[in-house]
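Enquirer: test case, fold it:
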Amino acid sequence: MNYHLYNTKTILLKEQNFRGWGRKRSGRFASYCQKKFGGTITLLEDGFIRSLGLGVNGSPSFSLVEDDIGIYYDATTPSKLENILNEYDFKSDEALEALAKEAMTYMREYHISKYNDAPNISDDYFKDESKERVLIVAQTNGDSSLEYGLGDKFSTKEMIADAFRENPNASVYLKIHPDVLSGKKASDISSDEIPKACKIIDENINPISLLKHFKKVYTKTSGMGMEALILGLDVLCYGMPFYAGWGLTIDKQVCKRRTRTLTLEELFVGAYILYTKYYNPYAKKESDIMDTMRTINRYRTLKGEHQGALYFFGFLPWKRKNIKLFFPLERDKIFFCDTLEEAKKKGLNGDVKIYIWGKKAFDEVETYAKEKEIIIHRVEDGFVRSVSLGSDLSKAYSLVVDTRGIYFDATQESDLEHILNTYDFDEKFIVRSQKLQNYLVEKKISKYNASQDKKITLKRLKEGQSVVLVVGQVEDDASIVYGARGMTNLQLLKEARENAPDAYIIYKPHPDVLAGNRVGNITQEIALNYCDEIIVDASLDSVLELVDEVHIMTSLVGFEALIRGKKVTTYGLPFYAGWGLTTDKRKCERRVRERSLDELVAGTFFIYSKYIDPKTDQIGEIEVLLEEIEKQKYYYNNRLAYRVSIKIKNFLLRKKEAVKRALNFTG
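Expert: Just a heads-up that it's a prediction; the model follows:
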């Protein structure tokens, strides 16, 4: 059978399986096709823990339900969820009950709701309120859950009247739906229908944090009713939402199909665990309820740390567009400035956040921040940066933001040092860290990924002789100034020879120095007095495969060598020194814990660093970045193949469009 894509949410498949979105237009069309042509139908909807922000604003979804019987909010007919709740043997699955309890505890503690970008209610919101409080939840006009959940049999005005009559000694509040507050939809009650005695909550507030201040909730079919149950509140349902009819709510209507009395844990297992599928849009992989909530909480925290007016100093013009990707705020919240005076003209005051690139000095800005008690955030490229050098103006895919110092400044504590001194990594972190290390080694990924892999033969190497790699750096780099007391590449080479007199020493200059972009060159004649060979045009992995040890000042190569199982001697104080993993010529008294390599990697890559997905320019996880780096690395090193592939891709796209036009039909 021919098939045609009618829109993004309805597809007629060759096997005559029809898929549509709930009871919306696409879902109704899918139902029509299934009745007309036979086959099967699956209706889709967002899950109950959907996203960080609102779906109407394009926030990526973490959850989905697929229902081949009906859809959960349609009480006029059975649904897959209703059948699960009627039939599943919950008593035989203690693990699911334990998971439900864990998940609900996490929801209550971290305020996880369907949408999760609203702030918590302020501590003094109800400071003048001594009465008990009841809440009426308004919904959006024309919402499908009202029509199909029998919510249209009662009006919100009737709910308000009942709430006043049934709770004469309580304060009655009305909560406006977030889609109404965002201006995307209309409410199911007009302002002139609301009694003056009813207090309106029209701020965008996290639902869980709000519900904690109430005793009773009145709703038609809102998901806040389920969240109220999770918090132990009394819930009165005027419609027939999925959580009504199971003995947990006070119901104004009856659904004779719902024949069981359930516990809260059983209801939660059925709806949130058995019925719902989870996907992590930041990690781009299948997920589960706990990973979903933890990820939402993590990214919400990251977003919250960088809200408000942000002022950036020391960011070169070519970096500015890319930097904005790591701070996904409204454009008028981010200001790039060269001086304190310029920043003040743009509105700088005491209630802002200040960001400075690396260790660049802005004395006036730093003095102002100290006077106003503003924390300075230091910003630098991350540890898997790009394909090609930063000095070539290539786009950075990772970033670190530090509120204490910066990771390469050994003269003071950094956020990374604090993490490694204090954080307790659980088993999930360790397993993830091990997988990451294996991927980095297998795919030969480092910070820049621009050099060619090649076979290297050490012609003068004696049998049994150890091989030591000495890594050159940019001598005026801040990591040398603040982490190695201004040591030079020549000093490093001399000390390495003194400490390894019988070794075969390879010297690898820094790629930026080789490119002529930065300071630190040693002439070949001088370098060969202290090393046996100089390698300039091979990838890091090509060299590391040959060596037993690596000697560095502060270079990230030392960290990458640890991941590849090499011994590392440090002459400065890089962030990975002082934890018991390296031989250190200098000590740092602040670093008091011994760390495993797995913990060092987890702290550095998972907690300290931020990433963007190169394909979407959205905030993401390192695993997604690495997959794209691997592809870009291949094309970067095979430029001819890349150009040909682009031509082929464009040809196929034109061909596809031509075929679609030829096959297009109106149905």
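
Enquirer: what about the strands in the stretch 51-200 of the chain?
Expert: 63-67, 133-137, 171-175, 199-201 (DSSP state E, counting those that start in this stretch).

Enquirer: oh sorry, the question was meant for the stretch 351-500 of the chain
Expert: 353-357, 376-381, 398-402, 467-471.

Enquirer: quick one: secondary structure of the residue nearest to residue 420 when sequence neighbours are not counted?
Expert: Excluding its sequence neighbours, the residue lying closest to residue 420 (Cβ to Cβ, 6 or more residues apart in numbering) is residue 603, at 5.1 Å. For glycine as for every other residue, the C-beta is placed from the backbone atoms N, C-alpha and C. Three-state call for residue 603 (DSSP: H, G, I helix; E, B strand; the rest coil): helix.

Enquirer: from residue 378, how far off is residue 603?
Expert: The gap separating residue 603 from residue 378 is 17 Å, by Cβ to Cβ, to the nearest Å.

Enquirer: so where's the protein uncertain?
Expert: 1-15, 179, 181-184, 329-332, 388-393, 450-452, 515-518, 520, 634-667 (pLDDT under 70).

Enquirer: domain parsing for it?
Expert: 118-260, 448-594 (automatic domain parsing).

Enquirer: any chance of the ones you listed in CSV with mean neighbour count and distance to residue 621 as columns?
Expert: Shown next, in CSV, are these (neighbours: other Cβ atoms under 10 Å; distance: least, Cβ to Cβ, whole Å):
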stretch, mean neighbour count, distance to residue 621
domain 118-260, 18, 24
domain 448-594, 18, 18
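
Enquirer: now distance to residue 83 too, for those, in a markdown table please.
Expert: As requested, these are exported to a markdown table (distance: least, Cβ to Cβ, whole Å):
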| stretch | distance to residue 83 |
| --- | --- |
| domain 118-260 | 9 |
| domain 448-594 | 50 |
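
Enquirer: tally of neighbours for residue 98?
Expert: With neighbours defined by other Cβ atoms under 10 Å, the count for residue 98 comes to 11.

Enquirer: how about residue 320, what does it touch?
Expert: By Cβ atoms under 8 Å, 6 or more residues apart in numbering, the contact set of residue 320 is 312, 336.

Enquirer: let me redo that: residue 152
Expert: Counted by Cβ under 8 Å, 6+ apart, residue 152 has contacts 146, 239.

Enquirer: still on that earlier bit, switch the strands of the stretch 51-200 of the chain over to CSV; also include distance to residue 529.
Expert: As requested, the strands of the stretch 51-200 of the chain are exported to CSV (distance: least, Cβ to Cβ, whole Å):
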stretch, distance to residue 529
strand 63-67, 64
strand 133-137, 79
strand 171-175, 77
strand 199-201, 76
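
Enquirer: out of the ones you listed, which comes closest to residue 274?
Expert: Nearest to residue 274 among those is strand 63-67 (10.4 Å), distances taken as Cβ to Cβ.

Enquirer: pretty sure the residue nearest to residue 420 contacts residue 423?
Expert: Yes: Residue 603 is within contact range of residue 423, at 6.1 Å (criterion: Cβ atoms under 8 Å).

Enquirer: between these two, point out the one with more neighbours.
Expert: residue 603 (27 against 15).

Enquirer: residue 443: how many residues sit nearby?
Expert: 15.

Enquirer: which non-adjacent residue is nearest it?
Expert: residue 630 (5.0 Å).

Enquirer: phi, psi of that neighbour?
Expert: Residue 630 adopts backbone torsions of phi -60, psi -40, taken as degrees, to the nearest 10.

Enquirer: returning to what we had before: among the domains of the chain, which comes closest to residue 66?
Expert: Nearest to residue 66 among the domains of the chain is domain 118-260 (15.1 Å), distances taken as Cβ to Cβ.

Enquirer: do you know how far residue 64 is from residue 425?
Expert: Residue 64 is 31 Å from residue 425, by Cβ to Cβ.

Enquirer: of those two, who's got more company?
Expert: Neighbour count, other Cβ under 10 Å: between residue 64 and residue 425, residue 425 has more, with 21 against 14.

Enquirer: ok, that one - contacts?
Expert: Residues near residue 425 by Cβ under 8 Å, 6+ apart: 433, 598-599, 602-603.

Enquirer: which stretches of the stretch 501-650 of the chain form strands?
Expert: Under DSSP E, counting those that start in this stretch, the stretch 501-650 of the chain gives strands at 504-508, 533-534, 549-552, 567-570, 583-584, 609-612, 619-620.

Enquirer: which one of those strands lies closest to residue 164?
Expert: For the strands of the stretch 501-650 of the chain, proximity to residue 164 was assessed by Cβ to Cβ; strand 619-620 is nearest, at 45.5 Å.

Enquirer: and that closest one, what does it pack onto?
Expert: Packing contacts for strand 619-620, counted by 3 or more Cβ pairs under 8 Å, 6 or more residues apart in numbering; DSSP states H and E, involve strand 609-612.

Enquirer: elements contacting the strand it packs on?
Expert: So strand 609-612, by 3+ Cβ pairs under 8 Å, 6+ apart, packs with strand 398-402, strand 619-620, helix 622-637.

Enquirer: Serialize those to TSV and add fields for distance to residue 467 and mean neighbour count.
Expert: Below are the helices and strands packed on strand 609-612 laid out as TSV (distance: least, Cβ to Cβ, whole Å; neighbours: other Cβ atoms under 10 Å):
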stretch	distance to residue 467	mean neighbour count
strand 398-402	30	21
strand 619-620	38	22
helix 622-637	25	18
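
Enquirer: TSV please, covering the ones you listed and showing distance to residue 336.
Expert: As requested, the helices and strands packed on strand 609-612 are exported to TSV (distance: least, Cβ to Cβ, whole Å):
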stretch	distance to residue 336
strand 398-402	15
strand 619-620	20
helix 622-637	25
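
Enquirer: out of the ones you listed, which gets nearest to residue 137?
Expert: Short answer: strand 619-620, nearest of the helices and strands packed on strand 609-612 by Cβ to Cβ, at 31.2 Å.

Enquirer: okay, now the sheet partners of that closest one, with direction.
Expert: strand 609-612 (antiparallel) (DSSP bridges).

Enquirer: what sits up against the strand it pairs with?
Expert: 302, 325-326, 382-383, 397-401, 618-622, 624-625.

Enquirer: just confirm residue 277 is within a strand.
Expert: Yes: looking at residue 277 with three-state DSSP, it is inside a strand.

Enquirer: excluding its backbone neighbours, what's nearest it?
Expert: The nearest residue in space to residue 277 (Cβ to Cβ, 6+ apart) is residue 64, at 5.2 Å.

Enquirer: spit out the contact partners of that neighbour.
Expert: Per Cβ under 8 Å, 6+ apart, neighbours of residue 64: 44-47, 276-277, 279.

Enquirer: spatially nearest residue to residue 22 (excluding sequence neighbours)?
Expert: residue 45 (4.6 Å).

Enquirer: how about residue 285: which residues does it bridge to?
Expert: Bridge pairing for residue 285 - DSSP bridges - gives residue 280.

Enquirer: gap between it and residue 236?
Expert: With Cβ to Cβ as the criterion, residue 285 and residue 236 are 40 Å apart.

Enquirer: list of residues touching stretch 431-439?
Expert: 425, 445, 563, 597-599, 601-602, 605-606, 622-623, 626.

Enquirer: any buried residues in that stretch, and which?
Expert: 432-433, 436-437 (16 or more other Cβ atoms under 10 Å).

Enquirer: on that earlier part again, just the buried ones from the contacts of residue 64?
Expert: Neighbour-count burial (16+ other Cβ under 10 Å) applied to the contacts of residue 64 gives 44-47, 276, 279.

Enquirer: format the residues you listed as a markdown table; extra columns: distance to residue 569.
Expert: Formatted as a markdown table, the buried ones among the contacts of residue 64 follow (distance: Cβ to Cβ, whole Å):
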| residue | distance to residue 569 |
| --- | --- |
| 44 | 57 |
| 45 | 58 |
| 46 | 54 |
| 47 | 52 |
| 276 | 52 |
| 279 | 45 |
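
Enquirer: between these, which is closest to residue 508?
Expert: Nearest to residue 508 among the buried ones among the contacts of residue 64: residue 279, at 42.2 Å, using Cβ to Cβ.
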